[in-house]
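Student: Mind folding the following:
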Amino acid sequence: MSQSKYTTLSHSGKIKDADLPAVVQRLRDAFHAGVTRSYEWRLQQLKQLYKMLDENRRLIIDAVRADLGKQSDMEINSSEINAPLVEIEEAIAHLADWMKPESAGMNLASFPATNWIYKDPLGVVLVVAPWNFPVNLAVVPLMGAIAAGNCAFLKLSRHSSQTAKTLEKLVLEYLDMRAIAVEGDGGAAFITSLLKEKYDHIFFTGSVAVGKIVYEAAAKHLTPVTLELGGKNPCYVDRDVDVRLVAKRLAWAKFFNCGQVCITADYVLAHTDIHDQLVEALKLQIREFFGSDPKKSESYARIISKDHAKRLSDLFKMGNVECGGEADVEERYVAPTVITNPKLDSLLMQDEIFGPVLPIVKVDSHEAAIQFVKDRPLPLALYVHTRNSQVEKDVLARTRSGAAGVNDHIVHFLNSELPFGGVGESGLGAYHGKLSFETFVHRRAVVKQSTWFDIPLRYAPYSNGRARIVNFVTSGMAGKVLTRLGYVLAGAALAVVLQKNQEQVQQVVDMLRSHLPM
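Tutor: Model prediction:
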């Protein structure tokens with residue numbers, strides 16, 4: 001391991017409720033002192049964050065396994081370590097370009113000024129991470145905050161306690177603790193105290209219910225927020241599909257991480273023509289993935305807590321169990337379960353399931369499926385399986401969701417070129433890739449005016465003549481004329497090159513005249 005040279009500059013013990021004002025002030029002092037502003041500091045911290053994950057794979061895998069019962073190194077490596085590493089690599093490669101001021105267009109009113117957009121760090125940000133992907137969903141927002149030049153308070157989830165302890169220890173060892181604070185043990189009371197402090201941005205990933213609490217607390221300070229929430233994600237399966245392929249992709253995504261994935265399908269709307277075939281195909285696919293007894297499978301995880309396992313097992317009675325339906329609450333085991341004819345007014349169809357229970361509802365057409373989705377809160381993700389391009393277009397055009405997948409599930413999360421976030425009840429804002437950086441910056445407009453040239457028209461006293469000119473300059477017409485005059489200037493330069501050929505010069509002049517206003 002690599003011991004951070006900064007650890008002694010900050011706390012080495014647990015942060016208590018009473019410590020919070022001082023901890024947040026320490027971060028604010030570091031920000032105002034300019035600790036995080038330079039390119040060199042940001043780059044070095046991103047490299048440290050990369051090393052933190054890469055050098056401690058075994059520690060992280062063991063911690064996640066203890067919390068979520070994942071027996072497969074592959075699943076933990078791919079989702080919790082490799083995916084964040086790819087994001088960090090991209091940030092390291094493009095950080096200099098992301099930080100550069102952007103040149104903005106000029107208008108006649110500010111001539112001859114140059115115009116820029118600066119990417120200013122926000123200040124002190126709070127990142128609240130969940131328990132279902134306790135490394136990925138903590139590290140990637142933290143990466144964005146660091147890349148953008150902020151100080152950050154990282155609140156880890158105590159529900160994934162082993163991962164929280166491991167990450168807390170590693171962050172203290174690898175990162176600059178003048179600018180970072182981390183806590184992974186506090187519960188609801190601690191978070192309540194945490195939210196009383198003023199931050200310059202809050203990035204929260206979790207449930208809709210807690211998201212509302214975060215939003216309300218942020219509003220008291222007019223603090224902007226990113227809310228990565230969830231909801232009931234629909235999946236429509238049309239009649240024109242390869243049912244076996246649908247079942248394979250659907251079962252893989254639904255039962256990944258034991259169904260504790262905010263973007264997986266929460267329920268299926270299956271066309272009547274293929275409903276029974278899909279149910280049978282899912283049964284077969286579950287057996288192929290996890291064997292005759294999924295409890296013994298090394299490819300199947302566990303539920304985060306006994307309470308959640310009990311909650312999920314209570315859903316079995318809210319429809320017809322086609323397969324699965326077993327639970328061992330003490331072992332936090334809930335079998336991959338398919339339910340048909342779910343009661344639409346039950347918790348199974350009203351609340352986010354967040355577990356390996358899949359209700360399937362019959363619909364007569366894609367029109368009925370669209371209406372079903374539109375009658376419910378906006379989901380974080382929506383999926384449609386079809387080979388009919390018109391069905392695909394109709395579903396995408398007439399529904400709204402944070403993201404959508406056609407003939408596949410959840411893979412959009414792994415593409416850093418795509419924004420990841422919700423809409424309406426499923427969240428506010430988005431991140432991944434460059435957006436992880438943009439989330440934590442303020443795009444500040446900067447106008448740099450010349451001192452060698454000054455247009456007197458804007459100054460008093462105002463005459464009628466000046467008023468007419470100023471009105472022309474500040475109206476849309478001035479921009480059109482200026483654009484067209486650009487053709488004249490370009491043509492004049494070209495004419496110099498072509499001056500030996502008078503006929504070509506005249507042709508150019510005639511062409512440019514056609515662009516001038518009459």
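Student: Quick one: the helices in the stretch 401-518 of the chain, in order.
Tutor: According to DSSP state H, counting those that start in this stretch, the stretch 401-518 of the chain carries its helices in the segments 434-438, 464-474, 476-497, 502-513.
Student: Could you pull up phi and psi at residue 317?
Tutor: Geometry field for residue 317 lists phi and psi as phi -80, psi 0, criterion degrees, to the nearest 10.
Student: With the one 3 residues further on instead?
Tutor: Summarising the backbone geometry of residue 320 under the convention degrees, to the nearest 10, its torsions are phi -90, psi 120.
Student: Quick one: residues contacting it.
Tutor: In this structure, residue 320 makes contact with 339, 340, 341, judged by Cβ atoms under 8 Å, 6 or more residues apart in numbering. Every C-beta, even on glycine, is put in place using the N, C-alpha and C of the backbone.
Student: Most neighbours among those, which one?
Tutor: When neighbours are taken as other Cβ atoms under 10 Å, the top entry among the contacts of residue 320 is residue 339 (26 neighbours).
Student: Surely that residue is in contact with residue 346?
Tutor: No - applying Cβ atoms under 8 Å, one finds residue 339 not in contact with residue 346, separated by 10.2 Å.
Student: Now do the contacts for residue 469.
Tutor: So, once contact is read as Cβ under 8 Å, 6+ apart, residue 469 ends up touching residue 457.
Student: Residue 115 versus that one, what's the distance?
Tutor: With the distance defined as Cβ to Cβ, to the nearest Å, residue 469 ends up 22 Å from residue 115.
Student: do residue 379 as well
Tutor: When Cβ to Cβ is the yardstick, residue 379 and residue 115 sit 40 Å from each other.
Student: who has more neighbours, the two?
Tutor: Ranked by neighbour count (other Cβ under 10 Å), residue 379 and residue 115 place residue 379 first, with 28 against 17.
Student: What distance do you get for that one to residue 399?
Tutor: When Cβ to Cβ is the yardstick, residue 379 and residue 399 sit 9 Å from each other.
Student: which neighbours do these two share?
Tutor: Any residue near both residue 379 and residue 399 by Cβ under 8 Å, 6+ apart counts here, and that gives residue 373.
Student: coming back round to it: just send the contacts of residue 320 back as CSV, with distance to residue 187 too.
Tutor: Compiled in CSV, those are given as follows (distance: Cβ to Cβ, whole Å):
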residue, distance to residue 187
339, 33
340, 38
341, 39
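Student: and which of those residues is nearest residue 395?
Tutor: Checking the contacts of residue 320 against residue 395 by Cβ to Cβ gives residue 340 as the nearest, at 22.1 Å.
Student: which residues sit against stretch 425-439?
Tutor: Outside stretch 425-439, the residues that touch it by Cβ under 8 Å, 6+ apart are 87, 90-91, 94-95, 98, 119, 140-141, 143-144, 147-148, 201, 203, 208, 211, 215, 225-231, 377-380, 401-402, 413, 415-422.
Student: Show me those that map onto helices.
Tutor: Applying DSSP state H to these, the entries found in helices are 87, 90-91, 94-95, 98, 140-141, 143-144, 147, 208, 211, 215.
Student: For the residues you listed, point out the one with the lowest pLDDT.
Tutor: Within the ones in helices among the contacts of stretch 425-439, the minimum per-residue pLDDT falls on residue 208 (93).
Student: Was I right to think that one contacts residue 228?
Tutor: No - applying Cβ under 8 Å as the test, residue 208 and residue 228 come out as separate, 10.8 Å apart.
Student: Looking at those two now, which is surrounded by more residues?
Tutor: A count of neighbours by other Cβ under 10 Å puts residue 228 above the other of residue 208 and residue 228, at 26 against 18.
Student: hang on, the more buried one packs against residue 419?
Tutor: No - taking contacts as Cβ under 8 Å, residue 228 lies outside contact range of residue 419: 11.4 Å.
Student: residues contacting the closest residue to residue 213 other than its chain neighbours?
Tutor: Nearest residue to residue 213, sequence neighbours excluded (Cβ to Cβ, 6 or more residues apart in numbering): residue 195, at 7.5 Å. Residues near residue 195 by Cβ under 8 Å, 6+ apart: 202, 213, 214, 217, 218.
Student: Please report the number of neighbouring residues for the last one.
Tutor: A total of 20 residues lie near residue 218 under the criterion other Cβ under 10 Å.
Student: show me what contacts the residue nearest to residue 96 when sequence neighbours are not counted?
Tutor: The shortest distance from residue 96 to any non-neighbouring residue, by Cβ to Cβ, 6+ apart, is to residue 39 (6.3 Å). Contacts for residue 39 were tallied using Cβ under 8 Å, 6+ apart; they are 95, 96, 99.
Student: So, low pLDDT: which residues of this protein?
Tutor: Where the chain drops to pLDDT under 70, the residues are 1-13, 473, 476-518.
Student: rerun at 80
Tutor: 1-13, 106-111, 453, 455-458, 465-518 (pLDDT under 80).
Student: Once you drop chain neighbours, what's closest to residue 164?
Tutor: In this structure, residue 164 finds its nearest non-sequential neighbour in residue 184, 3.0 Å apart by Cβ to Cβ, 6+ apart.
Student: Apologies, that question was intended for residue 122.
Tutor: Once its chain neighbours are removed from consideration, residue 122 has its nearest residue in residue 200; the separation is 4.0 Å (Cβ to Cβ, 6+ apart).
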